[in-house]
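*Asks:* Please find the sequence and the predicted model below.
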Amino acid sequence: MKHLSQLTDPVFVKPIKETALDRLFKGWIRDERDLPFVYLTFKITLTLWPLAIIMYLPGVNNWLWWGAAIAYQFLNNLTFKGPFGLMLHCTSHRVLFEKKYQFWNHYLPWAIGPLFGQTPESYYAHHIGMHHPENNMPEDDSSTMRYQRDSSRDFALYLWNFVTLGVYDTARYHLRKKRNKLFVRLVRGELVFIAACVGLSFINFPATFVVFILPFLISRVIMMVGNWAQHAFISTEEPENSYKNSITCINTKYNHKCWNDGYHISHHVKPSMHWTEHPVYFRQTLDEYITNDAIVFDGIHFLHVWAYLMAKRYDLLAKNFVNIGDRFQTDAEIISFLKQRTRKIVLAPVPAPVTAASC
C-alpha cells in the first residue's frame, strides 16, 4: 500500500510569456486553460489528415503507401489516441470555442473524431446523454454492475454486448427518455460514418481500413477497457454513490498526457469541473473520499487497473492502493476489500406501480 504523497498531476499555471499565436487562439476559445486543445487539434490535423490523403492517392508508390500507413497507425494509436479521446471528452462537457466561432465546435467530432474511430456525435450522445445521468446504474447501457469485474470472460461478454448492441441500446434509451435530439445526433453520426466507410471502400478499401475501420475497432475496445476499469469497484450497498462506484488514479504520466482523466470520482461528482481543477479539488474534499471508502491508486492508470484485474493480480493493485485515512493495516485487508467491490451486483427488479385499472 501507499500513503498519500504530494500530488504531481497538472494544474493551471498562467504562463509568464505568451506568443502571438497564444493570444490569437485565446480569442477563439471560452477558457484560456484549454489552449493546449487548440495546439493538439492543429498537430493532429497537420499530420493524420495528410497521411490519410496519401493513402487514397491513385497510383501512389507502395513504399510511400506503407510508410504512410505505418506512420498513421503509430501516431494515431500511440501518440494521439489518448490525448484526443480525452480532449473530446473534456470538450463534450465544456464547449471549447466562443459563440461567434460556434461552427468550430463541430470540427473535433466530425473532422477529427472519425480518424480515431469516433463516429460523429455518438460519444456525446452516449457519454453526456446517458452515462452521466445514469451514473453506471442499470439504465446505463455501459454499466459494469451486472458483471464479475475481475473476470476476463465477463469482460469479453461486456465488450461483445457493447460492440454489437451499444448503439441500438443507446438509441432505444434516448427514445425511452424522449431525448429525441440526442437520438437524432446518435443515429445520424453512425449512419454517416457507415455510409462514408462503405463508399470509400469501393474507392480504396485498404486505405479505408487503415484510416477509418481499424481505428474504429480499436477505439471501441479501448473505450470499454477504460469504462470497465473506471467502474470496476462498486459498493453493493451504495452502487449509485460516485465515491463508491468509481476510482481515482493520481500521480501518473497518464494524467499529464490525458488531461487529468484519472480523477474519475471527482469527474462524476462534478462533471463540468475543468480538468485542471481536479488535483486541488481532490485535496479539498479528501475527507469525503475517506468517509466514503473511496478507492485511490497512485502511479498507475486505468489500463494498469484493467490488466491487473484480468490477471487477478490484486497484489499489484494493493501495492499501488493509497491508504487514505489509514483505514487498512495490511495489503491482505486491502485485497479483501477490493475483491468485495468487484463482485457481480444483481439488483432486484422494481415492481410496477399498481394502478386503479389493475385492481
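*Replies:* Received the coordinates, thanks. Numbers count the residues shown, from 1 in each chain.

*Asks:* ok, how many other residues are close to residue 170?
*Replies:* Residue neighbour count, defined by other C-beta atoms under 10 Å, stands at 26 for residue 170. C-beta coordinates here come from the backbone N, C-alpha and C atoms, glycine included.

*Asks:* so it touches residue 124, yeah?
*Replies:* No - under the contact definition of C-beta atoms under 8 Å, residue 170 does not touch residue 124, with a separation of 11.0 Å.

*Asks:* buried stuff in the helix or strand residue 287 falls within?
*Replies:* Using DSSP states H and E, residue 287 maps to helix 286-291. Under the neighbour-count criterion of 16 or more other C-beta atoms under 10 Å, helix 286-291 has residue 289 buried.

*Asks:* Enumerate the positions of whichever helix or strand comes after it that are buried.
*Replies:* The helix or strand immediately downstream of helix 286-291 is strand 295-298, counting by DSSP H and E. For strand 295-298, the buried set under the neighbour-count rule, 16+ other C-beta under 10 Å, comprises 295, 296, 297, 298.

*Asks:* contacting residues around residue 85?
*Replies:* 116, 118, 219, 222, 223, 258 (C-beta atoms under 8 Å, 6 or more residues apart in numbering).

*Asks:* Distance from the host helix or strand of it to the middle of the chain?
*Replies:* For residue 85, the element it lies in under DSSP H and E is helix 81-93. Centroid separation between helix 81-93 and its chain, computed with C-alpha atoms, centre = their mean, to the nearest Å, is 8 Å.

*Asks:* Residue 281: neighbour count?
*Replies:* 16.

*Asks:* which helices and strands does whichever strand or helix holds it pack with?
*Replies:* Under DSSP H and E, the secondary-structure element containing residue 281 is helix 278-284. In this structure, helix 278-284 packs against strand 247-250, helix 264-269, with contacts taken as 3 or more C-beta pairs under 8 Å, 6 or more residues apart in numbering; DSSP states H and E.

*Asks:* Helix or strand: which one has residue 148?
*Replies:* Residue 148 belongs to no helix or strand when elements are defined using DSSP H and E.

*Asks:* Next one: it from residue 27, what distance?
*Replies:* From residue 148 over to residue 27 the distance is 51 Å, taken as C-beta to C-beta, to the nearest Å.

*Asks:* more neighbours, those two?
*Replies:* In terms of neighbours (other C-beta under 10 Å), residue 148 is the more surrounded of residue 148 and residue 27; the figures are 16 against 11.

*Asks:* Can you pull the phi/psi pair for the more buried one?
*Replies:* The phi and psi torsions at residue 148 (degrees, to the nearest 10) take the values phi -80, psi 110.

*Asks:* so who does residue 154 touch?
*Replies:* 147, 148, 344.

*Asks:* please redo it, this time with the cut-off set to 6 Å
*Replies:* By C-beta atoms under 6 Å, 6 or more residues apart in numbering, the residues touching residue 154 are 147, 148.

*Asks:* if we can go back for a sec, ok, and for the helix holding residue 281, which residues are buried?
*Replies:* Using 16+ other C-beta under 10 Å as the test for burial, helix 278-284 gives 278, 279, 281, 282.

*Asks:* next one: stretch 165-183
*Replies:* Taking 16+ other C-beta under 10 Å as the basis for neighbour counts, the residues of stretch 165-183 that come out buried are 166, 167, 169, 170, 171, 173, 174, 179, 182, 183.

*Asks:* The first one sits in which helix or strand?
*Replies:* Same thing as residue 166. helix 152-176.

*Asks:* Tell me how far that helix lies from the chain's centre.
*Replies:* The chain centroid and the centroid of helix 152-176 are separated by 16 Å, computed with C-alpha atoms, centre = their mean.

*Asks:* shouldn't residue 152 be in contact with residue 309?
*Replies:* No - counting by C-beta atoms under 6 Å, residue 309 is not a contact partner of residue 152; they are 8.7 Å apart.

*Asks:* Same drill for those two, tell me which one is more crowded.
*Replies:* Taking neighbours as other C-beta under 10 Å, residue 152 and residue 309 compare with residue 309 leading, 24 against 12.

*Asks:* my guess is residue 133 is in a helix, correct?
*Replies:* Yes - following the definition DSSP: H, G, I helix; E, B strand; the rest coil, residue 133 is counted among the residues of a helix.

*Asks:* Give me the pLDDT value at it.
*Replies:* The pLDDT attached to residue 133 in the predicted structure is 97.

*Asks:* Neighbours of it, how many?
*Replies:* Burial of residue 133 is recorded as 14 neighbouring residues (other C-beta under 10 Å).

*Asks:* how near is it to residue 275?
*Replies:* Applying C-beta to C-beta, the value for residue 133 to residue 275 is 21 Å.

*Asks:* Equivalent analysis for residue 344, please.
*Replies:* Here the criterion is C-beta to C-beta. By it, residue 344 lies 32 Å from residue 275.

*Asks:* Pick out whichever of those two has more residues nearby.
*Replies:* residue 275 (27 against 14).

*Asks:* OK, contacts around the spatially closest residue to the more buried one that is not a sequence neighbour?
*Replies:* Of all residues beyond its chain neighbours, the one nearest residue 275 is residue 259 (4.3 Å), with distances taken as C-beta to C-beta, 6 or more residues apart in numbering. With contact set as C-beta under 6 Å, 6+ apart, residue 259 has these partners: 86, 90, 275.

*Asks:* Closest to residue 207 out of those?
*Replies:* When those are ranked by distance to residue 207 (C-beta to C-beta), residue 86 comes first, at 27.2 Å.

*Asks:* how many other residues sit next to the closest one?
*Replies:* Around residue 86 there are 19 other residues, counting by other C-beta under 10 Å.
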